[in-house]
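Colleague: Structure here, sequence nowhere to be found:
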């Protein structure tokens with residue numbers, strides 16, 4: 001079993017003055033955590049992990065991003081908001097779903113969302129230039145990603161990310177991944193999201209004005225160090241891309 005308490009301890013040790021915890025009757029044992037670095041900077045990014053509790057590599061990647069200070073090259077330009085573990089109960093017990101048995105990443109369009117979803121929605125009430133969601137896939141043979149954005153010119157970012165990762169982890173080159181058409185590891189759906197029955201967090205963010213939404217998927221068959229390295233490389237590639245646009 002994973003230890004959520006250990007995550008909180010690591011975060012408090014790394015950034016004791018930046019940690020914000022939110023407790024409710026539903027989250028008294030497992031508080032929801034937000035970290036904001038570089039407050040007030042002109043570019044804004046939201047990086048999240050652990051919405052599915054059985055994807056521990058996502059959480060470990062975000063912790064490494066903080067503990068190993070990968071954020072430092074960006075701290076003067078970016079306001080970096082981080083949600084290290086959106087589904088703490090699921091993380092501790094290794095379940096995709098939360099303590100109510102709900103898949104949180106399917107519930108961003110419901111009228112009365114679970115508290116974890118409401119928490120994430122409240123943060124997305126102010127538009128971000130970029131959102132990066134860290135995931136894992138236990139069936140994939142390699143890394144892949146989803147992307148959606150308002151400017152088609154930025155579609156090249158998906159390929160840039162995978163080019164940067166290909167020597168760390170193989171890319172999933174299947175024509176179809178998890179039921180969606182893919183092009184060299186990139187899934188980009190040109191759909192009217194208003195017609196969808198449900199939204200994941202990425203599409204909720206897009207509906208709130210996020211310029212580019214990335215959902216990054218490591219293949220969990222690889223060791224943790226490789227998965228973390230792949231996610232960190234993807235995060236930095238995305239931040240560098242948007243830094244250079246300004």
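Modeller: Sure thing, it's come through. These figures come from a predicted structure and were not determined experimentally.
Colleague: Name the helix or strand of the protein that has the lowest mean pLDDT.
Modeller: Taking mean pLDDT, DSSP states H and E as the measure, the chain has strand 19-22 as its least confident helix or strand, at a mean of 88.
Colleague: For the very next helix or strand once past it, name the packing helices and strands.
Modeller: Going down the chain from strand 19-22, the next helix or strand is strand 32-37, by DSSP states H and E. When contacts are defined as 3 or more C-beta pairs under 8 Å, 6 or more residues apart in numbering; DSSP states H and E, strand 32-37 packs onto helix 4-14, strand 19-22, strand 78-83, helix 115-123. (Each C-beta comes from the backbone N, C-alpha and C, glycine too.)
Colleague: List the buried residues in strand 32-37.
Modeller: Taking 16 or more other C-beta atoms under 10 Å as the neighbour-count basis, strand 32-37 is seen to contain the buried residues 32, 33, 34, 35, 36, 37.
Colleague: Where do the strands of this protein begin and end?
Modeller: Remark: strands assigned in the chain by DSSP state E are 19-22, 32-37, 43-49, 78-83, 130-137, 144-149, 176-177, 180-181, 186-187, 212-219.
Colleague: Within the sheet, what are the partner strands of the least confident helix or strand of the chain, with directions?
Modeller: Taking DSSP bridges as the criterion, strand 19-22 sits next to strand 32-37 (antiparallel) in its sheet.
Colleague: how far off helix 115-123 does the partner strand point, in degrees?
Modeller: Between the axis of strand 32-37 and that of helix 115-123 there is an angle of 30 degrees, by axes from the mean of the first three to the mean of the last three C-alpha atoms, to 10 degrees.
Colleague: Leaving out the residues flanking it, which one is nearest to residue 149?
Modeller: Across the structure, with C-beta to C-beta, 6 or more residues apart in numbering as the measure, the residue nearest residue 149 apart from its sequence neighbours is residue 212 (3.8 Å).
Colleague: Would you check that the one you found makes contact with residue 127?
Modeller: No - taking C-beta atoms under 8 Å as the definition, residue 212 is not a contact partner of residue 127, at 11.6 Å.
Colleague: Which of those two has more residues huddled nearby?
Modeller: Neighbour count, other C-beta atoms under 10 Å: between residue 212 and residue 127, residue 212 has more, with 24 against 12.
Colleague: got the contact list for that one?
Modeller: When the contact criterion is C-beta atoms under 8 Å, 6 or more residues apart in numbering, the partners of residue 212 are 129, 130, 131, 147, 148, 149, 150, 151, 154, 157, 238, 242.
Colleague: Go again with 6 Å.
Modeller: By C-beta atoms under 6 Å, 6 or more residues apart in numbering, the contact list for residue 212 reads 130, 149, 154.
Colleague: I'd like those as TSV, with neighbour count, distance to residue 2 and pLDDT appended.
Modeller: Compiled in TSV, those are given as follows (neighbours: other C-beta atoms under 10 Å; distance: C-beta to C-beta, whole Å; pLDDT from 0 to 100):
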residue	neighbour count	distance to residue 2	pLDDT
130	24	28	99
149	18	33	94
154	18	35	95
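Colleague: Longest helix in this protein, by number of residues?
Modeller: Of all the segments assigned as helix in the chain under DSSP state H, the longest by residue count is helix 224-245.
Colleague: So for it, mean pLDDT?
Modeller: Per-residue pLDDT values over helix 224-245 give a mean of 97.
Colleague: contacting residues around that helix?
Modeller: Under the criterion C-beta under 6 Å, 6+ apart, residues 57, 60-61, 64, 70, 74, 130, 132, 134, 143, 157, 160-161, 164-165, 168-169, 216, 218 lie in contact with helix 224-245.
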